[in-house]
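Trainee: The sequence isn't on hand, but the structure is:
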């Protein structure tokens, strides 16, 4: 009896030491992430408080200018101002060609508007960059702490967070083609592993039998361009091209990343991927279960996006959407500050593709899931 008791004690000790290595989340990392997100949200709110009066004033000046030009019978000038008002509502920047074609009165208004915004936008960008640097430094310290304590699984999760926040270190030499080549690093490809063959077969059967369901679109604008690998795959991440419209960050285009039985592969570009400014990948054993998408209005491009990751359950061909098996990424683009974001998916049905209207920009996005 004494020998059995000793062995039981040893087993309990071994399991207790091994448990952190198998942990799906890291409380210390969650605390750092929450603090970072709160700080970024506070900066975003401060930006809106300071820029909204300037935007409102500019909108009023554009309205007055359009009335003046319209009353003078200048159709071309009136259309230019109308287009600028629409760009302002949609948080779109005028192109170089549109700027050159602006009538002097409109060009002067635009120049004055940008000069008023510039010091605020610069200060906000500097504050965001400082928060990012502080967060990366804290992550570096936490990673070294876990490494010296031989808690390598936790250190790996912190390292993944650091890579996500820091973004790619190598700039792209040229724009990405629509049919993308694999732009993921060898370490990311190796770390993702392969999709369970049985799970892949279940997905392929659903695709063949047309047992698929489309989520709601992030905003109403058609539903063209499905991207669903026929061999059976799960979405496990995204690559982004983030830009700024009127000084505010948004997502101009994105590319889904699929996990197949042969490993990961990129999907089709949604919008023009001039370069990759950020990316997010699921932890091993997890896949995209849903997304939160933020549009400032029904006419603008995607302002912000957050990914919901869920643990795979290959034997059942589904994802575990319980809170203990789910985690969320940081926000890419802008953290919501006005309306609530729209949640797509999130019910445990595997996400096997994406769809939605896109041209030069990714105007909207929806998820393709198995129907059961």
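Mentor: Noted; the coordinates are in hand. Since we're looking at a predicted model, the values are computed, not measured.
Trainee: In the stretch 101-250 of the chain, what residue spans correspond to helices?
Mentor: Using DSSP state H, counting those that start in this stretch, the helices found in the stretch 101-250 of the chain span residues 104-148, 152-166, 186-192, 197-208.
Trainee: Which one of those lies nearest to residue 296?
Mentor: If you check each of the helices of the stretch 101-250 of the chain against residue 296 by Cβ to Cβ, helix 104-148 wins as the nearest, at 16.0 Å. From N, CA and C alone the C-beta is placed, and that goes for glycine too.
Trainee: From the contact counts, what lies against the closest one?
Mentor: helix 27-71, helix 75-89, helix 152-166 (3 or more Cβ pairs under 8 Å, 6 or more residues apart in numbering; DSSP states H and E).
Trainee: Residues touching the second one, excluding its own?
Mentor: Contact with helix 75-89 is made by 55, 58-59, 62-63, 65-66, 69-70, 92-94, 98, 101-103, 105-106, 110, 246, 297, 299-300, as judged by Cβ atoms under 8 Å, 6 or more residues apart in numbering.
Trainee: that older thread, quickly, which of the helices and strands packed on helix 104-148 bottoms out on average pLDDT?
Mentor: Least confidently modelled of those is helix 152-166, at a mean of 84 by mean pLDDT.
Trainee: Show me the contact partners of that helix.
Mentor: The set of residues external to helix 152-166 that reach it, using Cβ under 8 Å, 6+ apart, is 20-23, 25-26, 28-29, 33, 132, 135-136, 139-140, 142-143, 146-147, 278-281, 283, 329-330.
Trainee: export the helices and strands packed on helix 104-148 to JSON lines and tack on mean neighbour count and distance to residue 350?
Mentor: Formatted as JSON lines, the helices and strands packed on helix 104-148 follow (neighbours: other Cβ atoms under 10 Å; distance: least, Cβ to Cβ, whole Å):
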{"stretch": "helix 27-71", "mean neighbour count": "15", "distance to residue 350": "26"}
{"stretch": "helix 75-89", "mean neighbour count": "17", "distance to residue 350": "37"}
{"stretch": "helix 152-166", "mean neighbour count": "18", "distance to residue 350": "22"}
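Trainee: of all the ones you listed, which lies closest to residue 346?
Mentor: helix 27-71 (19.0 Å).
Trainee: Can I have the buried ones of the contacts of helix 152-166 as a ChimeraX selection?
Mentor: Those of those that count as buried under 16 or more other Cβ atoms under 10 Å are selected in ChimeraX with:
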select :26,29,33,132,135,139,142,143,146,278,279,280,281,283,329,330
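Trainee: about what we covered before: among the helices of the stretch 101-250 of the chain, which comes closest to residue 264?
Mentor: Set against residue 264 and scored by Cβ to Cβ, the helices of the stretch 101-250 of the chain come closest in helix 186-192, at 4.5 Å.
Trainee: follow-up on the earlier one: now the helices and strands packed on helix 104-148 as a markdown table including distance to residue 287?
Mentor: Putting the helices and strands packed on helix 104-148 into a markdown table (distance: least, Cβ to Cβ, whole Å) gives the following:
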| stretch | distance to residue 287 |
| --- | --- |
| helix 27-71 | 20 |
| helix 75-89 | 36 |
| helix 152-166 | 15 |
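Trainee: Perfect, I'm done here.
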